[in-house]
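Peer 1: turn this into a model:
(2 chains)
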There are 2 protein chains.
Amino acid sequence: MSKLLAVGTVAYDAIETPFGKTDKILGGSGTYVGLAASQFSVKTGIVSVVGGDFSTSYLEMMNAKGISTEGIEIIKEGKTFFWSGKYHNDMNTRDTLITELNVLETFSPVVPENFKDAGIVMLGNLHPLTQAAVLDQMSEKPKLVVLDTMNFWMDIALDHLHTVLKRVHVITINDEEARQLSGEYSLVNAAKKIHEMGPKYVVIKKGEHGALLFNEGKMFHAPALPLASVFDPTGAGDTFAGGFCGYLAKTEDNSFENMKNAVIYGSNLASFCVEKFGTERMQTLTAGEVKTRLQTFKELTQFDIKIS
Amino acid sequence: MSKLLAVGTVAYDAIETPFGKTDKILGGSGTYVGLAASQFSVKTGIVSVVGGDFSTSYLEMMNAKGISTEGIEIIKEGKTFFWSGKYHNDMNTRDTLITELNVLETFSPVVPENFKDAGIVMLGNLHPLTQAAVLDQMSEKPKLVVLDTMNFWMDIALDHLHTVLKRVHVITINDEEARQLSGEYSLVNAAKKIHEMGPKYVVIKKGEHGALLFNEGKMFHAPALPLASVFDPTGAGDTFAGGFCGYLAKTEDNSFENMKNAVIYGSNLASFCVEKFGTERMQTLTAGEVKTRLQTFKELTQFDIKIS
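Peer 2: Residues are numbered from 1 along each chain as shown, chains lettered A, B, ... in the order given. Just a heads-up that it's a prediction; the model follows:
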């Protein structure tokens, strides 16, 4: 079992969907990654920053799930990163209403001593220089570096992104962002171009259409679970990434064949995340529920054609 | 092995894509269904109509592939149905430039005597009354009736569509049309509503995102093969349907488990169809190529997680 180090945001979110709206609730990419990875009982540490307004009960909840919050700096006089958004009726598009960076504005990640030898590092969607600063602090070269990014960083920090990508094994990115980063419309060609930028493995997230894993000409597709209702999509992509990393940390097998399983686990956990507001569902999720849904994923994807 | 009867258009198409444009070439839903089904060496008969301008070489080509064209009426003084369209750069959207119904305007399908006992009937995308007229002529109740339709018929002949749907086992429909027919956004709920209209099996086609098969709470997902380039998407949906029906006709097993295989074969054949203009690729496709690609589909979808 490898240690998993995840750098990302720990935040307050206020979310409005066709099903209702919330006050400030727990959110952030680091939070979702940590909660998803906790399903695999791996030693996970989060590197992030919050303000004095952040409820310690959330840190206690994470600790109770075996997530180390030692790397979450608390800036007493600062305020926690806050995001507010409203989803449209189709749940695939959303408007950002408020983004208050607060303590994130001057965030300088500090990796705790006992996570400097983590086997897997998940670089959440942050400035490429912040992502690089985490790698610089590792005492041992991680066996696997996974990076998430978004169009915003391609717009304002493309050179830095290219630099950090050279140090990355796996990139997780959504389809539109893959097209922007590569300049290719076909996802097959996009993956090939991104592969040349550094990451041997390219995971393209397609929301309700699932995810594709590419590796040197090989491809794998994990569907999203078709759901009767998506309650709140917030955090689904980060939960996917957390499930992916958590499974690899547990199994310590970074082969393409095992990464197939990892994307299925990512998709499995993401299908729970969207069932309730924010992190609510992930906080109560049990191993038994994950196992039952894994069976559903098998039935959804496995077929038995004899090739004669 | 069951006989397969397919009613649909046999047409001339003129197609423009970012890769080039064609003069009038062979097209039509019946044509694509027949060519796809011919991969399974099942006895397939097409019911359609063409004009005196239709090249007999096309009929000979179909006959050489074992497709019966006895049910394709030739109206010497009429002109063949003509469609012309232009695809946008993303290949997912297109503009119809010309639609000349010609002989299709007064089309009254006549089922040849030796196909009145066909085990599988594929009702291509035509007026629901035309689809019903085919079923009325069957001497034996078909074991499986598959229906394809589109938003146009929902707009102008919804009542007739509902009537014929009561006689149908499988509907193939795209995602937007499923939403229109059911009034439900979630495809899970849409399938449930459509199920109540008659079809026990609902196949929702999602283009480049694959297809979903629903049956009484059970679900299966077949991805589309990610391709470096889609040359011409025309006929992909009909090829999918032809592969689906052809496989079921060959195996004579209409269980949900075997239908999973049928949608994989549909997706497999559709992935070839888009590689060249019109029916070109389907005319030269060999069994060996299909078999090799089936292996690609297995690698694309199959994983091996032990559930303990």
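
Peer 1: near chain B, which residues of chain A are found?
Peer 2: A:89-90, A:185-189, A:206, A:209-210, A:212, A:218-221, A:223, A:226-230, A:257, A:260-261, A:264-265, A:291, A:294-295, A:298-305, A:307 (C-beta under 8 Å from any C-beta of the partner chain). All C-beta spots, glycine's among them, are computed from the backbone N, C-alpha and C.

Peer 1: and stretch A:271-286, what's buried?
Peer 2: Neighbour-count burial for stretch A:271-286 flags A:S271, A:F272, A:C273, A:V274, A:F277, A:G278, A:T279, A:E280, A:R281, A:M282, A:Q283, A:L285 (criterion: 16 or more other C-beta atoms under 10 Å in any protein chain shown).

Peer 1: in strands only, show me those residues.
Peer 2: The strands, defined by DSSP state E, take in nothing from the buried residues of stretch A:271-286.

Peer 1: which residues of the stretch 201-308 of chain A score low on pLDDT?
Peer 2: For the stretch 201-308 of chain A, residues meeting the criterion pLDDT under 70 lie at A:308.

Peer 1: in it, which spans are helices?
Peer 2: A:236-251, A:256-273, A:280-284, A:287-301 (DSSP state H, counting those that start in this stretch).

Peer 1: export only the CA atoms of the second one, formatted as CSV.
Peer 2: Spelled out, it's helix A:256-273. C-alpha atoms of helix A:256-273 as CSV (Å, rounded to 0.1, in the frame of the first residue of the first chain):
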residue,chain,number,x,y,z
PHE,A,256,-2.5,-0.1,-17.9
GLU,A,257,-4.6,-3.1,-17.0
ASN,A,258,-4.9,-2.1,-13.4
MET,A,259,-5.5,1.5,-14.3
LYS,A,260,-8.6,0.2,-16.1
ASN,A,261,-9.9,-0.9,-12.7
ALA,A,262,-8.9,2.4,-11.2
VAL,A,263,-11.0,4.4,-13.7
ILE,A,264,-14.0,2.1,-13.0
TYR,A,265,-13.5,2.8,-9.3
GLY,A,266,-13.3,6.5,-10.0
SER,A,267,-16.6,6.3,-12.0
ASN,A,268,-18.2,4.2,-9.3
LEU,A,269,-17.4,6.7,-6.6
ALA,A,270,-18.4,9.7,-8.7
SER,A,271,-21.8,8.1,-9.3
PHE,A,272,-22.4,8.3,-5.5
CYS,A,273,-21.0,11.9,-5.1
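
Peer 1: how far does that helix sit from its chain's centre?
Peer 2: Centroid separation for helix A:256-273 versus its chain: 12 Å, with C-alpha atoms, centre = their mean, to the nearest Å.

Peer 1: now it and helix A:287-301, what's the angle there?
Peer 2: Angle, helix A:256-273 to helix A:287-301, by axes from the mean of the first three to the mean of the last three C-alpha atoms, to 10 degrees: 110 degrees.

Peer 1: tilt between helix A:256-273 and helix A:236-251?
Peer 2: Going by the same axes, to 10 degrees, helix A:256-273 makes 140 degrees with helix A:236-251.

Peer 1: for helix A:256-273, packing partners?
Peer 2: Helices and strands touching helix A:256-273, by 3 or more C-beta pairs under 8 Å, 6 or more residues apart in numbering or on different chains; DSSP states H and E, are helix A:29-37, strand A:201-205, strand A:211-215, strand A:218-222, helix A:236-251, helix A:280-284, helix A:287-301.

Peer 1: alpha carbons of the second one, in PDB - could you do that?
Peer 2: C-alpha atoms of strand A:201-205 as PDB (Å, rounded to 0.1, in the frame of the first residue of the first chain):
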ATOM      1  CA  TYR A 201      -1.400   8.200 -19.400                       C
ATOM      2  CA  VAL A 202      -4.200  10.600 -20.400                       C
ATOM      3  CA  VAL A 203      -7.600  10.300 -18.700                       C
ATOM      4  CA  ILE A 204     -10.300  12.300 -20.500                       C
ATOM      5  CA  LYS A 205     -13.400  13.000 -18.400                       C
END
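
Peer 1: show me what that strand is packed against.
Peer 2: On a contact count with 3+ C-beta pairs under 8 Å, 6+ apart, strand A:201-205 meets strand A:170-174, helix A:175-182, helix A:187-197, strand A:211-215, helix A:236-251, helix A:256-273.

Peer 1: deepest of those, which one?
Peer 2: helix A:236-251 (a mean of 28; mean count of other C-beta atoms under 10 Å in any protein chain shown).

Peer 1: picking that back up, write the PyMOL selection for whichever of the residues of chain A next to chain B are buried.
Peer 2: Written as a PyMOL command, the selection of buried residues from the residues of chain A next to chain B, which uses 16+ other C-beta under 10 Å, is:
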select buried, chain A and resi 185+186+187+188+189+206+209+210+212+219+220+221+223+226+227+230+260+261+264+265+294+300+301+303+305
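
Peer 1: can you give me the strands in the stretch 51-200 of chain A?
Peer 2: A:67-68, A:72-75, A:82-87, A:94-100, A:120-123, A:144-148, A:170-174 (DSSP state E, counting those that start in this stretch).

Peer 1: and stretch A:32-48, how far from the chain's centre?
Peer 2: For stretch A:32-48, the distance to the chain centre is 10 Å (C-alpha atoms, centre = their mean).

Peer 1: measure the residue most central in space within chain A to A:M154 for me?
Peer 2: Nearest to the centroid of the C-alpha atoms of chain A, with distances taken as C-alpha atoms, centre = their mean, sits A:D238, at 2.6 Å. Remark: distance between A:D238 and A:M154 (C-beta to C-beta, to the nearest Å) = 19 Å.

Peer 1: next one: A:K260
Peer 2: On the measure of C-beta to C-beta, A:K260 and A:M154 end up 28 Å apart.

Peer 1: check A:D13 too.
Peer 2: Relative to A:M154, and taking C-beta to C-beta, A:D13 is found at 24 Å.

Peer 1: and those two? Which one has more around it.
Peer 2: A:D13 (24 against 16; other C-beta atoms under 10 Å in any protein chain shown).

Peer 1: quick check: that one is in a strand.
Peer 2: Yes. Secondary structure assignment places A:D13 in a strand (DSSP: H, G, I helix; E, B strand; the rest coil).

Peer 1: beta-bridge partners for it, please?
Peer 2: Legend: beta-bridge partners of A:D13 under DSSP bridges are A:I25, A:W83.

Peer 1: got a list of what it touches?
Peer 2: A:T22, A:K24, A:I25, A:L26, A:G27, A:G28, A:F82, A:W83, A:S84, A:G85, A:T234, A:G278 (C-beta atoms under 8 Å, 6 or more residues apart in numbering or on different chains).
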